[in-house]
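Colleague: using only what follows, build the 3D model:
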Amino acid sequence: MENQDNVEKKHKVTYDSSMKTGFVLHKADGNNHVFMPSKKGLYFSDVKNDTAHVMINTVDSIKNKYTVKEYADA
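Modeller: Numbers count the residues shown, from 1 in each chain. Sure, this is the predicted structure:
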């Protein structure tokens, strides 16, 4: 996850609140990703039909980089 400020530094992002279509991230390769709000207000992009590779770091795989308290608070 990245915050919106960092994303906007790398990509064009558009949003029209009157259309309620969510945020659109415009990638340099011409692909767009739409981020819609969940019921709790967090924005997400449905990637189940996306053929790109996704790399994920789980807390378990990087827990040695954090203190016991930081790990417990995660």
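
Colleague: in the chain, which strand is the longest?
Modeller: Using DSSP state E, we find that the single longest strand of the chain is strand 32-37.

Colleague: mind checking what helix or strand follows that strand in sequence?
Modeller: strand 43-44 (DSSP states H and E).

Colleague: partner strands of that next one, with direction?
Modeller: According to DSSP bridges, strand 43-44 forms sheet pairs with strand 32-37 (antiparallel).

Colleague: restricting to C-alpha, output the partner strand in PDB.
Modeller: The C-alpha trace of strand 32-37 is given here as PDB (Å, rounded to 0.1, in the frame of the first residue of the first chain):
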ATOM      1  CA  ASN A  32      -5.800   2.500 -15.700                       C
ATOM      2  CA  HIS A  33      -6.600   1.200 -12.300                       C
ATOM      3  CA  VAL A  34      -9.800   2.200 -10.600                       C
ATOM      4  CA  PHE A  35      -9.900   2.400  -6.800                       C
ATOM      5  CA  MET A  36     -13.400   2.200  -5.400                       C
ATOM      6  CA  PRO A  37     -14.400   2.900  -1.800                       C
END
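
Colleague: ok so, going back, got the contact list for the longest strand of the chain?
Modeller: The contact list for strand 32-37 (C-beta atoms under 8 Å, 6 or more residues apart in numbering) reads 21-27, 43-46. Every C-beta, even on glycine, is put in place using the N, C-alpha and C of the backbone.

Colleague: just stretch 6-17 next, same as before
Modeller: Contacts for stretch 6-17 (C-beta under 8 Å, 6+ apart): 4, 22-28.
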